[in-house]
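Trainee: make a model of this:
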Amino acid sequence: MSDPVRGFAVAASVTARAGRTYHLASLLLPAARRRAVHALYAYARMVDDAVDSGLPPEIAGARIDLLENGLRAALRSEPAPAALSVDDADVLAALAVAVADNGIAASTFDAFGRSMRMDLPGSPLFRNRYRSFDELAEYTYGSAAVIGLQLIPVLDADPSLADGAALLGEAFQLTNFIRDVAEDLRRDRVYLPLDELAAFGVDEAMLSADLDRRRTSRPVRRAVAHLIAVNRDQYRRTASAIAGLPPTTRPAIAAAARSYSDILRVLDDADHDVMALRAVVPRRTRLRHAATSLVVPYR
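Mentor: Numbering: from 1, shown residues only. Have a look, this model is predicted:
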């Protein structure tokens, strides 16, 4: 039988290694809520890593199918599929405990899986270009908004905060897209809405030329500055939802929001040269954000 206790430990290790901002923020949570966050993060990382593994699409798709089937089995208290590794099976068992303990809607995992398949060449859902923010929202609902919705019960939050939680997830996601323009281009993906880029005279040929020379042209920098302003407005509109969280869980989310939104400040300081660097917020700054969030309201 799978071991959920070991699974929570594995999930914590995955989060510490791959999600440093989230892991640091999670340390501000009570232990039971922290372990649920780790299990959710580890599952999302497992599926996302399958998409980005570089494996042939049919093999990556089979891996996603296996993880989803393993989660369904765990939620039904059934044995894990034999093809799962011990670590995977234990993490899924831990996630099933977190889902049951917190009343997380199982449908959110279906929405997440759908968006992950939108990244997978060969899938009927595959899409690697988005014409507008409306089109992008079809992807970010499953990739990010539902993560916020999953956290509502974990954080002991009032369900009325769901819209703010979903928006914060999407804000984190847009920050990723802005920061990772070069990395995504190398994978033949453009997550920044094409109509927003076109308003600044930016097309795919310009993006590709900038990537090749590892230097961001002035029109792309202006487009990035605009998208940063859009992203900052998303964070601003989540402030009331963060303020509405219980005192026991509010500091963790405030710390994550401060640290993630600070990526935008790093990009500003680099004059929006997204092709030359991957913006990183230093650990000492993230520690300061965590300490600040214990005593200062997020706004």
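Trainee: from now on I want contacts and neighbour counts done on CA atoms only, so please keep to that.
Mentor: OK.
Trainee: let me see the ranges of the helices in the stretch 151-299 of the chain.
Mentor: 162-179, 181-186, 194-198, 204-213, 218-237, 239-243, 250-269, 283-293 (DSSP state H, counting those that start in this stretch).
Trainee: which one of these lies nearest to N102?
Mentor: Nearest to N102 among the helices of the stretch 151-299 of the chain is helix 162-179; the distance by Cα to Cα comes to 15.0 Å.
Trainee: and the contacts of that closest one?
Mentor: 140-141, 143-149, 151-152, 184, 191-192, 224, 227-228, 231, 234-235, 237-238, 240-242, 257, 260-261, 263-264, 267, 274, 278-279 (Cα atoms under 8 Å, 6 or more residues apart in numbering).
Trainee: tell me the angle of it relative to helix 250-269?
Mentor: 30 degrees (axes from the mean of the first three to the mean of the last three Cα atoms, to 10 degrees).
Trainee: okay, buried residues for stretch 91-110 please.
Mentor: 91-99, 102, 104, 108-109 (16 or more other Cα atoms under 10 Å).
Trainee: chain center to that stretch: distance?
Mentor: Centroid separation for stretch 91-110 versus its chain: 17 Å, with Cα atoms, centre = their mean, to the nearest Å.
Trainee: and it, average pLDDT?
Mentor: What stretch 91-110 shows for mean pLDDT is 97.
Trainee: could you chop the protein up by domain?
Mentor: Domains of the chain are assigned by automatic domain parsing as 1-126, 128-299.
Trainee: starting at the chain centroid, how far to the last one?
Mentor: Between the centre of domain 128-299 and the centre of its host chain there is 9 Å, according to Cα atoms, centre = their mean.
Trainee: pull up the distance across it, start to finish.
Mentor: Counting by Cα to Cα, to the nearest Å, you get 34 Å between the two ends of domain 128-299.
Trainee: what's the answer for stretch 232-249, then?
Mentor: 23 Å.
Trainee: what are the buried residues along it?
Mentor: 232, 234-235, 238-239, 241-243, 245, 249.
Trainee: which residues sit against it?
Mentor: 28-30, 155-158, 161, 164-165, 167-168, 171, 250, 253-254, 257, 261, 297-299.
Trainee: and what of stretch 104-122?
Mentor: 47-48, 51, 57-58, 60-61, 64, 68, 98-99, 123-128, 138-144, 146-147, 149-151, 153-154.
Trainee: filter these down to the buried ones, ChimeraX style.
Mentor: Buried residues among those (16+ other Cα under 10 Å), as a ChimeraX selection:
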select :47,48,51,57,60,61,64,68,98,99,127,139,140,141,142,143,144,146,147,149,150,151,153,154
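Trainee: V202 against P219, yeah?
Mentor: Yes: using Cα atoms under 8 Å, V202 is in contact with P219, at 6.2 Å.
Trainee: can you add secondary structure and give the buried residues of stretch 91-110 back as TSV?
Mentor: TSV is the format used below for the buried residues of stretch 91-110 (DSSP: H, G, I helix; E, B strand; the rest coil):
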residue	secondary structure
V91	helix
L92	helix
A93	helix
A94	helix
L95	helix
A96	helix
V97	helix
A98	helix
V99	helix
N102	helix
I104	coil
T108	helix
F109	helix
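Trainee: and the residues you listed, which is closest to T15?
Mentor: Closest approach between these and T15, by Cα to Cα: V91, at 11.8 Å.
Trainee: wait, the closest one touches G7, no?
Mentor: Yes: the pair V91 and G7 qualifies as a contact (Cα under 8 Å) at a distance of 4.0 Å.
Trainee: shared neighbours of those two, anything?
Mentor: A39.
Trainee: what's around the closest residue to F133 other than its chain neighbours, how many residues?
Mentor: Closest residue to F133 apart from its sequence neighbours, by Cα to Cα, 6 or more residues apart in numbering: P193 at 5.8 Å. P193 sits with 17 neighbouring residues when counted by other Cα atoms under 10 Å.
Trainee: on the pLDDT front, check P193 for me.
Mentor: pLDDT, read off for P193, is 98.
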